[in-house]
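> Need coordinates for the below:
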Amino acid sequence: MVAMMKDPVISERFDLEDIRKIRTYNAVRYEHMTPAEIVADTKVGAAELLEIMKKRKCMKA
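Prediction:
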């Protein structure tokens, strides 16, 4: 049985409890993945975050 978890709800403060929520969420997601699948998933997420950061930087300029 695969455990399904809802996306973690992150507070505006982004404190230690939020980091714990994210780590728990990722641990459940990665439980049945191979290391290569985890790395690929992380790279996709990082690429999305970089795009968001680039857009914000352009908006500030």
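> how close does Phe29 sit to Arg20?
You called it Phe, but residue 29 is Arg. Distance, Arg29 to Arg20, using Cβ to Cβ, to the nearest Å: 15 Å. Where C-beta positions appear, they are placed from N, C-alpha and C, glycine not excepted.
> which of those two has more neighbours?
Legend: neighbour count by other Cβ atoms under 10 Å for Arg29 and Arg20, higher for Arg29 (15 against 11).
> low-confidence ranges in the chain?
The chain contains residues with pLDDT under 70 at 1-4, 61.
> 50 instead?
1 (pLDDT under 50).
> the helices in it, which residues?
16-30, 35-60 (DSSP state H).
> Could you pull out the buried residues of the first one?
When you say that, I think you mean helix 16-30. Buried residues in helix 16-30, counted by 16 or more other Cβ atoms under 10 Å: 21, 26.
> And the contacts of that helix?
3, 5, 7-11, 38, 41 (Cβ atoms under 8 Å, 6 or more residues apart in numbering).
> how far out from the middle of the chain is that helix?
9 Å (Cα atoms, centre = their mean, to the nearest Å).
> Arg29 and Pro35, how far apart?
Taking Cβ to Cβ, one finds Arg29 at 14 Å from Pro35.
> again with Cys58
Cys58 is 35 Å from Pro35, by Cβ to Cβ.
> ditto for Asp7
23 Å.
> Next: Lys54.
Per Cβ to Cβ, Lys54 is found 29 Å from Pro35.
> And Pro8, by the same measure?
Look at Pro8 and Pro35: by Cβ to Cβ, they are 23 Å apart.
> cool, Ile19 as well?
22 Å.
> before we move on, what about Thr42?
11 Å.
> So between those two, which is more surrounded?
Remark: of Thr42 and Pro35, Thr42 carries more neighbours, 12 against 8, as counted by other Cβ under 10 Å.
> coming back round to it: from the contacts of helix 16-30, which two are the most distant?
Pairwise distances across the contacts of helix 16-30 (Cβ to Cβ) peak at 26.1 Å, for the pair Ser11 and Ile38.
> Look at the two and report which has more neighbours.
Neighbour count, other Cβ under 10 Å: between Ser11 and Ile38, Ile38 has more, with 13 against 9.
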